[in-house]
Structure formats: C-alpha cells, structure tokens
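Novice: Compute the structure for the input listed below.
(5 chains, ligands or ions: 4)
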Amino acid sequence: MVETMTIKEPMDALVDNLQVEPPKKTLIEARNVDVFYGNFQALKNINITIEENSVTAFIGPSGCGKSTFLRCFNRMNDYIDEFSIKGEVLIDSKKIYWRNVAVEELRKEVGMVFQKPNPFPKSIFDNVAYGLKIQGIKDKTFLEERVVKSLKDVALWDEVKDELKKSALALSGGQQQRLCIARTLAVKPKIILMDEPTSALDPISTAKIEELMFELKKEYTIVIVTHNMQQAGRISDKTAFFYMGDLVEYGETKQIFTNPKKERTQNYITGRFG
Amino acid sequence: MVETMTIKEPMDALVDNLQVEPPKKTLIEARNVDVFYGNFQALKNINITIEENSVTAFIGPSGCGKSTFLRCFNRMNDYIDEFSIKGEVLIDSKKIYWRNVAVEELRKEVGMVFQKPNPFPKSIFDNVAYGLKIQGIKDKTFLEERVVKSLKDVALWDEVKDELKKSALALSGGQQQRLCIARTLAVKPKIILMDEPTSALDPISTAKIEELMFELKKEYTIVIVTHNMQQAGRISDKTAFFYMGDLVEYGETKQIFTNPKKERTQNYITGRFG
Amino acid sequence: GGNTENTSENSGEQKILTGNIKIDGSSTVYPITEAIAEEFRAIAPEVKVTVGVSGTGGGFKKFARNETAISDASRPIKDKEKVACEENGIGYVQLEVAYDGLAVLVNPANDWVDHLTVEELKMIWEPAAQGVVMKWSQIRDGFPDEEIHLFGPGVASGTYDYFTKAICGEEGASRGDYTASEDDNVLVQGISTDKYGLGFFGLAYFEENKDKLKLVGVDGGEGVVIPTQATVADGTYQPLSRPIFIYVNDKAAEREEVIEFVNFYLELVPEIAQEVGYIALPATEYAKQVEKFQTFISKK
Amino acid sequence: MTNAQKNRIIDKSFQVFGIVCTFFGLAILAILLYNIVIQGAARIDWDFLKDLPSRRPQKAGIYTAVMGTIWILVLTTMIAFPIGVGAGIYLEEYAKKTKLASLLEINIANLAGVPSIIYGLLGLEIFVRIFGLGGSVLAGSLTLSLLILPIIIVATREALKAVPSSIKDASMALGASKWQTIWNQTLPASIGGVLTGVILAISRAIGETAPLIVVGALAYVPFAPSSPMDEFTVMPIQIFNWVSRPQHGFAVNASAAIIVLLLITFMMNGIAVYFRNKWQKKIKW
Amino acid sequence: MKNGVQNDSFFKMKFSEKIIVTLLKFAASITILTTIGIIMVLLFETINFFKEVSFWDFITDKEWTPLFAQKHFGILPLVTGTLLTTFIAIAVALPVGLTIAIYLNMYAPKGFRKIFKPLLEVLAAVPTVVYGFFALTVVTPFLQSIYPDLAGFNALSAGIVMGIMIIPFVSSLSEDALYAVPKTLKEAAFGMGSTRFQTSFKVMVPAASSGIMVSIILAISRAIGETMIVAIAAGQQPRFGFDPTVPIETITAYIVQVSMGDVPHGSLEYRTIFAAGITLFVFTFVLNSVSFWIKKRYQEKYD
Ligand SMILES: Nc1ncnc2c1ncn2[C@@H]1O[C@H](COP(=O)(O)OP(=O)(O)OP(=O)(O)O)[C@@H](O)[C@H]1O
Ligand SMILES: Nc1ncnc2c1ncn2[C@@H]1O[C@H](COP(=O)(O)OP(=O)(O)OP(=O)(O)O)[C@@H](O)[C@H]1O
Ligand SMILES: [Mg+2]
Ligand SMILES: [Mg+2]
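Specialist: Ligands and ions are numbered 1, 2, ... in the order given. Here you go, the predicted model:
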C-alpha cells in the first residue's frame, strides 16, 4: 500500500500544476465484485469508480442488490452468515477486504445511514455523541459542540433542543431517522453511505436533508440508495442502475435520466413515479 | 346499535329511490377526538368524516399525529402504555371505543398496513393465509386461491411463486412490505388503513400498489398516511392536513393542492418535494 | 470425675488453649459431638472446633488423608479404610461414646402386634422375603390378611448395616422392596400414616414421636424386651442396640487442645448422649475408654 | 360469525386459564410459605439471628450459617456473573458458528443437568485438593459458580440474541469495534434477560446442600468466616441438619431458618429485579 | 497532533480489545474445563468399577442392589425412575409455565407482570428440602384422597412438586423471550384481527421459539439433576418400570444417598455412584443433543 501511495502523490502534484481544475480523485473503486449469499448470487461482476466529493445514486427495483453493494463499502456485510465476496473493493486506493484492514477504522471513514431508523436506546445527546465517545473523546464542550452542530445540520435541533436527555426511542419515525443521520455526521467521515435515508421522512425534512447533501458534498463523498427517481435526479452527480444483481448502467445522472443507453434503464426510468 | 340500524336502513332505501347517484355513505367519523400519551397531547379536538369507497390521504410534517390518528380507527393504540382517548370514533355508525366492541372483529373490518414491514416469521404462504386461517377457514383450495390472488394484486406473485414455502424474512425490505399488503388484502376488509405503505417500495411496485388502490376503491375504503405529496395528489379523493396535533384543513384533494384555505397548508404544500 | 475437673480448671487458669480441631463424619454421631463442642466453648473459647457431616465413609476418607483430627463414626472402621490410614501413616484410637438403640415400630392403630421375635424380624426382612412375605398374616397366625409396608433407613447407612447384621446375620442382607429414607423423620411420617406399616430406626425418633408411633418389643431369645434407656444401657435389649464411635488421629493427639477436648468429651458424654436422644454406656465402659485414650497418648 | 365467537371464547378461556395457572403457582407458594411461617415466624428474633449453633433448639441460632451463606452468595455471584456473562458473550458474539460451537452449546445445556453433588465431587478434587483451598468459603464458592454457570451463560446468550441487529449495525457503522458495540449497546439492551438468568442461578445456588457438604462445608462452625479462606457452614446445611433431628424444637428452628433464607434470597433477587425493571422499561423496539 | 492522539487511542483499543476477547474466550473455555473435569472425576472411578462389574450387566440387568448382600448392578431401574419423575415434572411445568409466560406477556396488566414475575421466581428459590416435605406431607395425602392406592412414597407427587419448582424456569425465561419479540410483529397480528390467543400461539411463540426451547431445556436439565425432592418423597426403591404410583429411585437420589452415607470410600459400593453419575451424564447429553437438533431444525425453517 505504501508503494502505491508514494507513486501516486507526486503524480497528483504534477496534475495540480498542469490543470486549473484538477479531475476529481477516485475515492471508491470496485473491481469485478461478485457477492453471494450462500448459493444465491446477489451481485454479478460489478465494476465501478466513484469520485471524491460527489453524490452517487444507486437505483433499481427492489431486491436488485443495491443495499448489498452499498454495504460492501464499509464491510457491513461481514456479519451476515453465508455472505461471501469475490473481487476487490478499494477505498482511497486501499483494498478494504484485505485481512489486515481494521474494519473499525474503515467505518469511521465510511459512515452509514440505514433504511429503517435505528436509534440506540439512549438519550438523544448520547446517540449523537456515541461515535465520538467510542473514539475516546471525553472533552465535554467539544462533544456538545459537535452534537449541536450535527443536530442543526439535520434540522432536528429546534425540535429537540430542550430535551436532549430524552430517550431517542420516544421520537417519531421521521425524527428518529434524522437523528441517525446526525449521529453519522458527528464523526465526520469521508464517505457517507445512505440506504434510502429519506424514505421515512416527511417532505420538509427530506428537503432539508437534500439541501444538506449539497453542503456535505463539498467535504464528503456520498453514496445513496433511493427509490425516489426525483430525488436521484435532483441530488446526484452520477447514477448507477442495478437490475437483478447486474450493474446495468452507470453514468452522469443527467445522461441516465435523459438519454439512457440501455433499454432496461429506459423502461425503469419511464415507468417512474415520484 | 340495533336501533340505529333499523332507523337507518329505511332511510337509505328512501334515498336510493329519490336519487340516481346516491351521496356516498359516511363510513368513518371522528367526533372531538383528543389523544394523549401521558401528559402529551398528540391530537387536539379532531372532527372528520370519511366516505365509503374513497381514498383519503393524511399528510403533514413528521410527528404531527398522522399515525396516531390512523391507529384510532382500528384501536391499534390500545397496546400503547399511557395512551388515552377522548371523544368518539364511529365506524359504520358504531362507536368503536365502546367497552363492548370486539376489537378483533373491528380489525377484520379495518385492515392495516404499517410503516415498517413486519412479516410474520412464517412462510410466505402462511403469512398471506394467516388472516383467513385465524378466522377458522381451512379449505385448502380456497386459501390457495386467495393467497395467489392477493400476491398478484401486490405484484409479488411472479417473484415468489416458486418459493411460497420460503420464510418471509428472507425477502428484501420492499418485497416484505408488499407481502404485508397482500396479507391485509387477503381478509377483504371494509377499510384499509395504510401508514406510509410505499415508503419502502421501489417505483415500479409503488406504481402497481397505487394502481391497485384505484381498483380497491370500488369495494373498499382506504385511508393512507403519506409523505409523498405527488402520491397524495394522484391517488386520494380527499386530503387531510395535520400540523402539531391539529387537523388544519380537510377537503377535496384538488382543492387542498390547488387552492388551500389555510396559509399553513399552503406553506407545507408549496415547500413540497418528492 | 474430680480429677479431670481439676485439670480443665488448671489449664483454664494457667494458659489459654488455642488452635483448631476439625471433626467430620457420621451424621448419627453429629448431635453428640456438636453438643460437646458447644460446651467446650465455655472452657476453651479460643479453640476453634468445627464439625462436619460427610457421613462415616466420607469422614474416614478425610481422616485417612490427615484432614481431620477426629472422625465421627456410626460403625467400626472397615478394612479398606484401615489400609488407607496405614498408607498415609495415620494412627488412631477408636473410642466408643454411646449406644444407639434401634427401635422397631408400627402404627398406633396396629392392635395385633406388641412384640416380634428376632426370627420373625428375620422372616420379614431377609432377602428371601422379597416378593414372598407380603402380608401380615404370613408372619404369625392371627395377624390380619393385609399387605405389610416396610420402612427403614437407606441402604448406604450404618444403621441399615447394623440392623441387617443383627437380624439377618450378614451386612446388607435384606429384601430391597422396602421404603428407605436417610431422614428418620420421613420414616416417622411414613409409619404414622400407614396402619399396615412397620419399620425400624433410632430410638430417639420414637421418644420424640410417642403419640404417633407404637413401639414393638423384641424377643432375642431371653424374653420380650422393650427398648428404653435402661434396657439398652444394661445390655438387655439385644440385638438391636449398637455402639457409636469417635476416632482420634495420633498426630492430632499430640496437641494439647485435642487431648483436652477428647478428655472433656468422654467426661461429658454420658450426660449429653441422653440429652440428644442416645443412650450412655455403663460407667465402667467409659472408664475403659478413658484408659484406652490415656494409654494411646502416653505411647507417643 | 360463529367462528369469531369461538375465537373470542377461546381467548377469554385462555385468559382465565392464564390467571388460574399464575395463581396456581402463587397458591402453592402461599401454602409453602404459610406452613413455614406458621411454624417458624415466632421463633425468629434477634437472639436467633446472632446465636451460635447449639444442641438445645431454644438456644440455637443461625449467625454463622447466615454469615456463611452471605459470604458464599457474594463470592459466587462475583465469580460466576462475570465469567458466565463473558462466556455467553464470547459464544454468542465471537465464536464461529461451527460444529464445535454447537457441541459447546449442547455441552453447556448438559452441564445444567449434571446433578449438583457431582459438582461437589469435582470441587473436592479440583479446588479442595489440587488447588489446596481446603474446605474454605472460596472452594465452596468456586464449586457453586461452576454449578450455576450454565444457567447464566444460556440466559445471557438468549438475551443477546434478542437484541435487534439494526442496533448493532448502527454501532458498527459508526466505527465502534465489536467489543465497544457489545459493551455500549448489546449488553445494556439485554441486561434484563441476563439478570433473569442471574436470579434463577442465585436462587439455585442459595438452596444447595449436597455439593457444599462434599466440598467440606461443615455443620457446626462456632465462628463466622472473616476471609475467603475460612471454614464455613451455610443455611441449607443447618436447615437440613435440623430437619433430620428428632426433637420438634429443631423443626421449628428449621422453619425459622427457611424464612430467613428466603428473605436473603428476596433481597438478592430484589436487587436483580430492580435493575431488570429499570433497564427493560427503557427499551422498546 | 490530533491524528497522533487518535492513533494512540486506536492502538490502545486494539490491544485492550485483544485482551478482552482472550478473557472472554477463557470464560467460555471454563465450561469445557468443567466438562473435562467432571468426566475425569467420574471416569477414573468408573473404569475401576467396570473392572469388577460387566458393562453388559450394567446396562441390561433390571435390578439395582449394589449395597445389598445379593448384588445386582443393573442401572435400568434408576434410569426409568429418573425418566419418570422428569417426565411428570415437565408435564406440569411446561403447560403451566408457558401459559403463565403468555398470560403475563399478552394478557396481564402492566403492573401485574412486574409484581408477579419476580414473585413466581421465588418458587425456584425455595430450598428443595422444603419441597420434599411438601410433596410428602401435603401433596401425597391429597393425591391419596383421590386415588387411595397411591403409595406413601411415589414418583407422582415428587414429579409434580418438581414440576412446580421449575415453573419459573419456563415462565420467566419464556416471558423474556416473548418480551423481546419486536412490537411490530405483535401489531401486525393484532392488525389482522387476531385475538390475543391467536397472536400468542401463531406469531409470538414461533417468533420466540428459540428462547422458549432453551427455557424448556434448562427446566428439563434442572429436573433431571434435582436430588432432594426425589430423595425425600419418591422413596428409595430402585424399580424398573414406569408406574408413577409406587416408590422409585432416581440416579441423583442414589448418588446423594451413597456419597453422604456410611459406605467406605474407594469400595465397589462407593464406585457405583460414579458409574451412575456417568450414566446420567451420557443420558442428559443425548437428551440435549436431540433437543438441540430439533431446535435447530425448527429455527432454520424460519430465519
Ligand atoms: N442476509 C441475506 N441472506 C440471503 N439473501 C439475502 C440477504 N440479504 C439480501 N438477500 C437477497 O439478496 C438480494 C438483494 O438484496 P438487497 O437487500 O441488496 O436488495 P435491495 O436492492 O436493497 O432491495 P430493496 O430496495 O428492497 O431494499 C435479494 O434477492 C435478497 O433476497
Ligand atoms: N408511544 C408513544 N409514546 C409517547 N409519545 C408518542 C408515542 N408515539 C408517538 N408519540 C408522539 O406523538 C406525536 C405524534 O406521533 P405520530 O407517530 O403520530 O407522528 P406521525 O405524524 O405519524 O410522524 P411520522 O411522519 O414521523 O411517522 C409525536 O410527537 C411523537 O413523539
Ligand atoms: Mg435495500
Ligand atoms: Mg407515522
């Protein structure tokens, strides 16, 4: 790994000098990824590169493997029995499925927001501070700052500011999901994976989250699974369309939505509902 | 209750004779409904009437009480600690919060689909047949027919027809939710309550479900909670907008979306995404 | 008596005895040893005497491993146990401390039995009786034609061994189809609720349950004898009274507090034995035991 | 309609049956306690609690037995709780789901069925003889710990299993290590079930007689243990001993001692129940 | 600077994590050591036992009289005695315990559960000596009033009382398992118009099956290992057969009787308890293996 780095850095510097706007760096890369659950092949030979500071949307019908693929980026599939992966996934040019990779470190870099809201049975404050606390950070003012900031980012602050000690489980579904996003933001990861993060949110919160993504994009790289075509269209730079375990098409969102190359993509997009 | 019925029926007959297209019968009625969770008032003096064979949408920001209200129609709140209700809810002119009401009977009449998919840890077939089996129906061919029909209605049949014996828990989130809808349809209730039923579905399945609702409307009455304005606009006849426990506005969907009377409704609708 | 009293007084004044005395063994002997230990507390409060109830077998096992100073035993030491002691270089002395009378009992509603001969008892209890002698009428003419229900201590107990030896002539030779219990109170319960019951166990349990049970006299060939404190003590109640013992480890017997304790034991036991339901040996017997112990320690 | 009525009737009948069963259990408990209390309650006084054993029922007390029981219970809990929960965590969260793991699982259930006296024989060989602890409180506690470990392990595993994976996922995704996830999420969420196991385990340990006698607990000890290496007696031994004595006064003493023993159990269980309620209230999925 | 700190704590964490896992592993391995210990303790004497007694006799002879002058070493009577009392106990504890668990979880008011669950757990805490005398002095006379031919010592009342004692194992652990079933499942069932009864048996119990099975296995194990109740109330007559109305003896009762009795240690008579103990061990092992297998089959079907 050290070798790749030493080779790479001078080249980046070179590029910086030559071009005014450097091409974005590749942050995530999948090479010939096959995923199996036991005998069932959930993903078939997927190749993809995702650039830094972009929003990439995964779309496709239910059961096509979007979540499965997303979870390969932070190795959340590790805990599923019968799961097995072939091929390579690289984050920041590091092979994350190498034996020596510290998964915990990886996951601090690659945050995740889930489909179903899953707050901890703790107070609101403790939920957001959790990621920091487990890193050993104890500085109260620092924690508080981060918690407040994260809650504001997800437009939850006004609703909960007086009851940070309240159990997160007493929040409504929508509030819970926003809390979960705040929790992920608090540790400032490089990449944020989102598995249908707004499917349980009301339009106003959804709008805020979407706005937030535009902000986050400046610093973070976002990969989002969504069933909402409009959402994909609005927020993503690139879109990947999956179907039955295949990556059917991957490209600029505009192109995918206006001029898809494959017929299957076309069919899916046009059969769309918001 | 018997009295009301005997008075009512001749009147209905009268109306039938006088008018070519009779005004739709009121099926659900809420009178001055207040709901509390402990000291917190989740619903404030709600009055509403919902007609037979219509689709009614509840919209409003997260935490405004939509789910709470919906659950008053089949008394699903009964199992929540600290829940208390004032006022009256009538279904088919019967006060459902009366002491003598058989909740189970009520719930066979008033089916429900939940926000989070919640299939039983049983086979796909047994999930759909569940409602019929508990009614004591044992006729195999009848059960099979119903199961197949219901699965087809929710566009799940093609995906699962070869593995009806498989555990429902092995399905993906989207598939699970469609299964839950199928399960509810199988018992042919009068009213179907849906709490964001499509929030976990992909567009194609969502479209199918929405189509299905048009079909179902002919026979059933549907009340749906949704965060998706377009969905509300497309499928519902009437829309109710809730805000912080108040029913702010209730009326024809067209009117609510094009010409809301209240400013709050206006603000919510125009801030729409989705 | 006066002599020993003096000794204990002297030692109390001159120097305070300290140390530990570990005792373990039979639960039958336990009440006596417990009582002695309790009294010993008054004269030697700094000596920690502890008493366990591992059973005679378990007690000897520990005794042979030099884990205890004194072992309570409801039967004499057996060959296997002697060998174990020898292997570990443990010498010991056996001291008889009291008699345990075995009483034969029936239900108070039983109006046909007042005594049984040893032959009759043997007829009832011998191995050959199993499945054969099932009715009272088989034992003696005139007894009712009803099933007989037998009760007795568990086969692993010293009491059972003694009874079978005394009645059937061989340890462990008895029928198996009787109701056994380690706890004599359970047997009391059994016989007192069963009109056709018959059983045997320690005399003390009869003394405490006189209203619930009827004592049966035993004819050992020299006439019917009812077991009482007197008939057991003077040896006329035969063959159903057995001695119980303590064994003293020779290394422990070098320790002053142990010597003191054993002397105290032998001095006090006549009184204590009766108090807890056993029967004291004749005074001459005790004198013999004291002497035996004295020679044992002076040999060292 | 008839079917629905039938269902309602079944439902109601089962409710009645449920009440009957619950009260059946409670009634038996009441009868047990009634008999004991009637016989023994009057015997309990300060002297009974602070007196040493004696051959005279009226003078006999349970001081050393109570102290021995408390020592044993506290030590046993201190040993078995962390080991049992730790083993449960390891087996549920870390161990690979292999054939060996299933064998281990069977083995643990199996250990729960090994009669306590065999644990006594094991403790005698290992702790008393090989470790050279003698008939001490520590040897007794270690033996009882082995005896109740299976109960705690099994209960812990079941409790851990019940924690939704979404919670674990969330924690892992935030970069928490496996242990951090267990310590901060899984374990707190499952503590209710763990404590049920502990309650049942302690209840089991507190009444044991035979294994302790084999290990070397004594019947007559005129002093309370002051260190884990001291000799000891426990209340069940005292009770068992009294129950088998001929004098009626001892039966009364036994009842009184049983009352005290139950009170100690209540106190220990009460602490566990308190924590169980406290934790379970907070968690609703 | 900040990076350095984080790296530091990272290494510290990794290291402590390793220690923790090692400790946990050690804790788990104690169960293996215990098993090995038990087998060693039992096996040593058992081998000596089988030097003197034929194994064939041991498993086929229908009489068990090692302490009598006429010695027979057939373990079968003790096995049937153990099976019989255990079966009776489970026949009592399973329906009652499971009903209580369901009642407390699905029917009873909230406060009720909180009070009565711990109260029932007291049943498991009553010293078994007390149960023994309860069986002997209360239950047996009561049963005799219904069925006069019942012997004063019998497997029936010992089994019933043992069943009562293990009720909390079933009721508490099963209730915990039911409590852990996600609320959404319960709601789904209610939403379909199920009665509480239907919800309980068609949804909750299957969903909690793993926990319930475990509670039953623990209860059975407890019943098999129970000593005092059977020793006091079931009589001590090894008897081949399954008649619950007559005195029997279980393996445990036999072991405790001999090991606390006056039999010399190291003798053949004494060694019988090790042979009996290992029989029980094998016996429970088979039983547990079977139930584990059933449980696994059942689980695989659904998740
Ligand atoms: N743990 C698992 N074990 C076995 N099969 C699984 C598992 N998880 C998912 N699958 C299967 O893998 C396929 C892909 O699942 P995945 O959850 O990735 O789909 P998805 O595209 O995210 O669907 P949805 O939009 O419904 O969330 C599905 O057919 C599913 O049944
Ligand atoms: N079980 C409960 N106990 C206490 N408060 C509750 C409970 N359930 C809901 N609430 C509160 O009642 C209010 C209304 O909740 P409800 O779930 O009805 O909102 P909603 O409109 O359905 O929101 P969402 O769109 O997020 O599902 C919220 O403030 C919520 O915090
Ligand atoms: Mg998915
Ligand atoms: Mg809601």
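
Novice: could you give me the average pLDDT of stretch E:144-155?
Specialist: Mean pLDDT, stretch E:144-155: 88.

Novice: In the stretch 1-150 of chain D, where is pLDDT below threshold?
Specialist: D:1 (pLDDT under 70).

Novice: quick one, what contacts the residue of it found nearest chain B?
Specialist: Proximity of the stretch 1-150 of chain D to chain B (CB to the nearest CB) peaks at residue D:3, 3.7 Å away. Yep, even glycine has a C-beta here, placed from its N, CA and C like the rest. If you count contacts by CB atoms under 8 Å, 6 or more residues apart in numbering or on different chains, residue D:3 has them with B:135-136.

Novice: Tell me the secondary structure of it, please.
Specialist: Three-state call for residue D:3 (DSSP: H, G, I helix; E, B strand; the rest coil): helix.

Novice: Am I right that residue A:222 sits in a helix?
Specialist: No - assessed with three-state DSSP, residue A:222 is strand; it does not lie in a helix.

Novice: what's the distance between it and chain E?
Specialist: Using CB to the nearest CB, to the nearest Å, one obtains 23 Å as the distance from residue A:222 to chain E.

Novice: What is the neighbour count of that residue?
Specialist: For residue A:222, the neighbour count with other CB atoms under 10 Å in any protein chain shown is 25.

Novice: cool, the one 4 residues further on as well?
Specialist: For residue A:226, the neighbour count with other CB under 10 Å is 24.

Novice: Grab the most central residue of the chain for me.
Specialist: I went with chain A, as the question did not name one. For chain A, the residue nearest the mean C-alpha position is residue A:193 (1.2 Å; CA atoms, centre = their mean).

Novice: let's do chain D instead
Specialist: residue D:202 (1.4 Å).

Novice: I figured it hits residue D:267, correct?
Specialist: No - using CB atoms under 8 Å, residue D:202 is not in contact with residue D:267, being 10.6 Å away.

Novice: Can you tell me the element residue D:273 falls in?
Specialist: helix D:248-282 (DSSP states H and E).

Novice: so what secondary structure elements neighbour that helix?
Specialist: helix D:2-40, helix D:46-50, helix D:63-89, helix D:187-206, helix D:235-243, helix E:110-125 (3 or more CB pairs under 8 Å, 6 or more residues apart in numbering or on different chains; DSSP states H and E).

Novice: how far off helix D:248-282 does the fifth one point, in degrees?
Specialist: Inter-element angle recorded for helix D:235-243 and helix D:248-282: 150 degrees (by axes from the mean of the first three to the mean of the last three CA atoms, to 10 degrees).

Novice: Show residues contacting helix D:235-243.
Specialist: With contact meaning CB under 8 Å, 6+ apart, helix D:235-243 is reached by C:27, C:30, C:53, C:183, C:185, D:53, D:60, D:62, D:65-66, D:68-69, D:206-209, D:212-213, D:217-219, D:250-251, D:253-254, D:257-258, D:260-261, D:264, E:127, E:129, E:133.

Novice: Look up the pLDDT of residue D:226 for me, please.
Specialist: Residue-level confidence at residue D:226 comes out at 90, pLDDT.

Novice: Is it in a helix, a strand, or coil?
Specialist: The three-state label given to residue D:226 by three-state DSSP is coil.

Novice: so residue A:78 sits in a strand?
Specialist: No - assignment of residue A:78 by three-state DSSP gives helix, placing it outside any strand.

Novice: That one reaches residue A:106, doesn't it?
Specialist: No - using CB under 8 Å, residue A:78 makes no contact with residue A:106, being 10.4 Å away.

Novice: Mind pulling up the pLDDT for residue 257?
Specialist: No chain was given, so I picked chain A. On the pLDDT scale, residue A:257 gets 87.

Novice: Chain E is the one I meant
Specialist: 85.

Novice: I'd say it and residue C:181 touch.
Specialist: No - at 9.1 Å, residue E:257 and residue C:181 do not qualify as touching, with contact defined as CB under 8 Å.

Novice: which one of the two has more residues nearby?
Specialist: Counted by other CB under 10 Å, residue E:257 and residue C:181 do not tie: residue C:181 has more neighbours, with 29 against 25.

Novice: Ramachandran angles for the more buried one?
Specialist: Dihedral angles phi and psi of residue C:181 (degrees, to the nearest 10) take the values phi -150, psi 140.

Novice: what are the bridge partners for it, then?
Specialist: Taking DSSP bridges as the rule, residue C:181 bridges to residue C:153.

Novice: State the distance from it to residue C:196.
Specialist: 18 Å (CB to CB, to the nearest Å).

Novice: now swap in residue C:243 and tell me
Specialist: If you go by CB to CB, the gap between residue C:243 and residue C:196 works out to 33 Å.

Novice: What of residue E:256?
Specialist: To residue C:196, residue E:256 is 29 Å away according to CB to CB.

Novice: cool, residue D:77 as well?
Specialist: Applying CB to CB to residue D:77 and residue C:196 gives a distance of 50 Å.

Novice: Between these two, tell me which one has more neighbours.
Specialist: Taking other CB under 10 Å, residue D:77 and residue C:196 do not tie; residue D:77 has more neighbours (23 against 17).

Novice: give the contact list for that one.
Specialist: D:198, D:202, D:268.

Novice: which of the residues you listed lies closest to chain B?
Specialist: Comparing those against chain B with CB to the nearest CB places residue D:198 closest, at 26.4 Å.
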